[in-house]
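K.L.:
Build me a model:
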Amino acid sequence: MPRVSPAQFETRLARELTPLYVLYGDEPLLVIEAADAVRARARAAGYAEREVLVAGGGFKWANLDQAAANMSLFGGDKLIDLRIPNGKPGKEGAAALSAYSRRTTPGVVTLITLPELDWATVKTAWFAALEENGLMVEFNAPGLAQLPAWIAGRLARQKQSATSEALDFIAAHVEGNLLAAHQEIVKLSLLHGPGELDLCAVQDAVLDVARYDVEHYRAALLAGNPARLARLTGALRAEAVAAPLLLWIVASETRTLLQARNAVDAGRSVDEALKAARVFGARQAEYRAALARLSAPVLRLALMHAARIDRIVKGVAEGDLWDEFLQIGLRLCSATPARR
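P.N.:
Numbers count the residues shown, from 1 in each chain. Down below sits the predicted model:
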């Protein structure tokens, strides 16, 4: 059956139970909440027994078929809760999942949870079999632009609302950490009753729990967002992030962009250029935006700048390391269109 959105998942779950659910994505909080919703719906429908299977090292995949074949000890229906923490079932697990997904056992609902999956895993036969035969939902964290609306929806569940300024403030302070966002939203329900929250009320309650890491720096770099990049640079400095790691991210992304930029300038299509640079799937959107903005000369200068930062890191050149990171970041956030 076709993959459904998180909103469609909620609607369908409220209407009926499906024999097989497959939940995965890059945001553990959303996957956990969705799995909890399936468990609650199954209990309400009379699925009195739940058997949890964790497919870690040494897991015997025959246990999955045995769990479905064994009748519930309580004489009712049964929920099989299969968790694959690393998202890699292996050869034996791949075959077992493919075969299992094609069978329906009366009185059994199976819930499979997975972490974030790479593009290669999503293209495997076992994953395709799960998608074809089960209700599959991908749960990803909302981007910074969508985060205020997500927060507003969560506040509405507890009969609260907030001004746009308050929503933006919360989003800026929990960026990249939905669990922290959830905790802050719950805190607001405890501190204030139903109704609208203004900026002052939110500022007094919300902690600065943003999880600034190199991945967000990389995303801001590719997006060409100088204000966000400057803020992230300051936060990474405050958290004493290892400079060699950040430099590796900057240099690696710059080399990838330069390789693709040179290919485009030589007459190849953007699709061909990105594939040659080993940029696939959803990641291509970020690189397309950066390629439209950055020229080869700018990228070559950025690589030279990265070499200077490397010398500073190694102590063979003088300079303010974090100011250099800021300057190279701003260079790569240049808004000058690249010539086609």
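
K.L.:
C-alpha from now on. contacts and neighbour counts both.
P.N.:
OK.

K.L.:
Assign a three-state SS to residue 137, would you?
P.N.:
strand (DSSP: H, G, I helix; E, B strand; the rest coil).

K.L.:
Give the bridge partners for it, please.
P.N.:
Here residue 137 shows beta-bridge partners residue 4, residue 23, assigned using DSSP bridges.

K.L.:
Quick check: it vs residue 10, distance?
P.N.:
As for residue 137, its distance to residue 10 is 10 Å (criterion: CA to CA, to the nearest Å).

K.L.:
Counting neighbours, go ahead and name the busier of the two.
P.N.:
Neighbour tally, residue 137 and residue 10, criterion other CA atoms under 10 Å: the higher count belongs to residue 137, 23 against 14.

K.L.:
what ranges of the stretch 101-250 of the chain fall below the confidence cut-off?
P.N.:
Counting by pLDDT under 70, the stretch 101-250 of the chain has low-confidence residues at 207-212.

K.L.:
how about the strands in it?
P.N.:
Counting by DSSP state E, counting those that start in this stretch, residue ranges of the strands within the stretch 101-250 of the chain are 108-113, 135-138, 160-162, 195-197.

K.L.:
can you tell me which of those comes nearest to residue 229?
P.N.:
Smallest distance to residue 229 across those (CA to CA): 26.8 Å, for strand 160-162.

K.L.:
List the buried residues in stretch 50-61.
P.N.:
With burial defined by 16 or more other CA atoms under 10 Å, the residues of stretch 50-61 counted as buried are 50, 53, 55, 61.

K.L.:
typo on my end, stretch 215-232
P.N.:
Neighbour-count burial for stretch 215-232 flags 216-218, 220-226, 228-230, 232 (criterion: 16+ other CA under 10 Å).

K.L.:
Same list, those residues, but as JSON lines with distance to residue 183 please.
P.N.:
Formatted as JSON lines, these follow (distance: CA to CA, whole Å):
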{"residue": "216", "distance to residue 183": "21"}
{"residue": "217", "distance to residue 183": "24"}
{"residue": "218", "distance to residue 183": "26"}
{"residue": "220", "distance to residue 183": "26"}
{"residue": "221", "distance to residue 183": "29"}
{"residue": "222", "distance to residue 183": "30"}
{"residue": "223", "distance to residue 183": "29"}
{"residue": "224", "distance to residue 183": "31"}
{"residue": "225", "distance to residue 183": "28"}
{"residue": "226", "distance to residue 183": "29"}
{"residue": "228", "distance to residue 183": "24"}
{"residue": "229", "distance to residue 183": "26"}
{"residue": "230", "distance to residue 183": "27"}
{"residue": "232", "distance to residue 183": "22"}
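
K.L.:
Sketch out the helices for the stretch 101-250 of the chain, chain order is fine.
P.N.:
Here the stretch 101-250 of the chain has its helices, by DSSP state H, counting those that start in this stretch, at 119-122, 125-133, 147-157, 164-174, 178-191, 199-205, 214-223, 226-238, 243-265.

K.L.:
Any idea how far the shortest one is from the middle of the chain?
P.N.:
Distance of helix 119-122 from its chain centroid, counting by CA atoms, centre = their mean, to the nearest Å, is 15 Å.

K.L.:
Now, the buried residues of stretch 50-61 that are in strands?
P.N.:
When DSSP state E is applied, the buried residues of stretch 50-61 are split such that 50, 53 fall in strands.

K.L.:
sorry, back to before: which single one of the buried residues of stretch 215-232 is nearest to residue 170?
P.N.:
Nearest to residue 170 among the buried residues of stretch 215-232 is residue 228, at 15.4 Å by CA to CA.

K.L.:
Residue 324 versus residue 308, what's the distance?
P.N.:
Distance of residue 308 to residue 324, computed by CA to CA: 9 Å.

K.L.:
swap in residue 35?
P.N.:
If you go by CA to CA, the gap between residue 35 and residue 324 works out to 45 Å.

K.L.:
When those two are compared, which one has more neighbours?
P.N.:
residue 35 (20 against 16).

K.L.:
so which helix or strand takes in that one?
P.N.:
Assigned by DSSP states H and E, residue 35 belongs to helix 28-44.

K.L.:
Need the mean per-residue confidence for that helix.
P.N.:
Along helix 28-44, the predicted confidence averages to a pLDDT of 94.

K.L.:
Can we start the residue count at 19 from this point?
P.N.:
Done: numbering now begins at 19, and the last item shifts to helix 46-62.

K.L.:
which residues touch residue 306?
P.N.:
With contact taken as CA atoms under 8 Å, 6 or more residues apart in numbering, residue 306 is in contact with residue 288.

K.L.:
ugh, wrong one, residue 118
P.N.:
residue 83.

K.L.:
For my notes, confirm it occurs in a helix.
P.N.:
Yes - secondary structure of residue 118, determined by three-state DSSP: located in a helix.

K.L.:
Tell me how many other residues crowd residue 336.
P.N.:
Here the number of neighbours of residue 336 (other CA under 10 Å) works out to 12.

K.L.:
where does residue 289 land on pLDDT?
P.N.:
pLDDT recorded at residue 289 is 89.

K.L.:
hang on, I meant residue 85
P.N.:
Reported pLDDT for residue 85: 89.

K.L.:
Also the one 4 residues further on?
P.N.:
Here the pLDDT value assigned to residue 89 is 64.
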